[in-house]
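1. Sequence isn't available, so here's the structure alone:
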């Protein structure tokens, strides 16, 4: 009976996320906070930005069901609790625009508490790097939440890959929690795929980024996968955000300010559009997730080869987008 109850977690996560997100789309809802277009936005119509509330409601309810079924663990509970705390701060930011310093303080605190619970092996330097990685994952996911269907799609594909790998590795509780996150993202995507009726907002993007890192570390500590696995699964977001940040820093720009220079933003601006950009991104996400899962049982040399091919694919795509962007700026025709 408990096993059946746990298997219902993704179903319940989808239903709750769908219902709460649908409610947030209604103008009369108290969670109807509008995202006003500006010079850095890709949308032109004021749109509610509280869809992350639906995602979080769904995944937390689904995660709670896994616990009720007796398949939860302290690291999984800490990851969900940390995501819940970040969601509350994100919701406050969506409504009142909190300072970057206060948001960063909470993110560092949540990452530190989670690592204290997880107790990863290694020295102080490794723990510090893992903490910085968790904070960066939350922020990069937020940076990448700027086009219809993109962040929700990454959650659907990324956490589905986590769920499959965890199930293959015998980590049933982790698999069901990851499945609940993916299902909650699917419930939100019903309303977020182009033309989007609602955006995710900080209440969803930052917690999902944190969960990508936190559950990735939980799987590593539980023996489901090595550290490279979550990095490869979420490579489409990690590489886009990291390369863009590095390039902006080298140009002397204020990296903490909003902008429209991510690769996905450039695709939308050169005429690919939200829908095709999302579909192209989904294809890349599917390749990254499938490659990561397929590489798990292979030897070290083959794993290195697959990782190299995936990174090379991302770099080639980035180069082609850069070339198309330069032609777009000069008015040259795009082939």
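-> Sure thing, it's come through. Small disclaimer: the values here were computed from a predicted structure and weren't measured. Residues are numbered from 1 along each chain as shown.
2. so where's the chain shaky on pLDDT?
-> Applying pLDDT under 70 to the chain picks out residues 1-3, 39, 332-335.
3. Would you report the backbone torsion angles of residue 48?
-> Dihedral pair for residue 48: phi -60, psi 150, per degrees, to the nearest 10.
4. Bridged to it, which residues?
-> Applying DSSP bridges to residue 48 gives these bridge partners: residue 34.
5. distance of it from residue 190?
-> Using C-beta to C-beta, to the nearest Å, we find residue 48 at a distance of 15 Å from residue 190. Heads up, the C-betas are built off the backbone N, CA and C, glycines and all.
6. who has more neighbours, those two?
-> Just comparing residue 48 and residue 190: by other C-beta atoms under 10 Å the higher neighbour count belongs to residue 48, 23 against 16.
7. So residue 20 versus residue 60, what's the distance?
-> In terms of C-beta to C-beta, residue 20 sits 11 Å off from residue 60.
8. same question, residue 203
-> 12 Å.
9. Between those two, which is the more surrounded one?
-> residue 203 (29 against 22).
10. can you pull the buried residues of the helix or strand harbouring that one?
-> Following DSSP states H and E, one finds residue 203 within helix 202-221. When neighbours are counted by 16 or more other C-beta atoms under 10 Å, the buried residues of helix 202-221 are found to be 202-220.
11. List the residues that contact residue 86.
-> By C-beta atoms under 8 Å, 6 or more residues apart in numbering, residue 86 lies in contact with 106-107, 110, 138, 206-207, 210.
12. now swap in residue 261 and tell me
-> Residues in contact with residue 261 (C-beta under 8 Å, 6+ apart) are 244, 247-248.
13. Also residue 118?
-> So, once contact is read as C-beta under 8 Å, 6+ apart, residue 118 ends up touching 75, 78, 214, 217-218, 221.
14. What of residue 173?
-> 6, 66, 71-73, 76.
15. For it, give its distance to residue 9.
-> 10 Å.
16. which residues do these two both contact?
-> Common neighbours of residue 173 and residue 9, using C-beta under 8 Å, 6+ apart, are residue 66.
17. ranges for the helices of this structure?
-> All helices of the chain, identified by DSSP state H, fall at 2-7, 9-24, 51-68, 74-96, 100-118, 124-143, 150-168, 172-192, 202-221, 228-233, 235-250, 263-269, 273-295, 300-330.
18. so which of these comes closest to residue 33?
-> Across the helices of the chain, the minimum distance to residue 33, taken as C-beta to C-beta, is reached by helix 74-96, at 5.4 Å.
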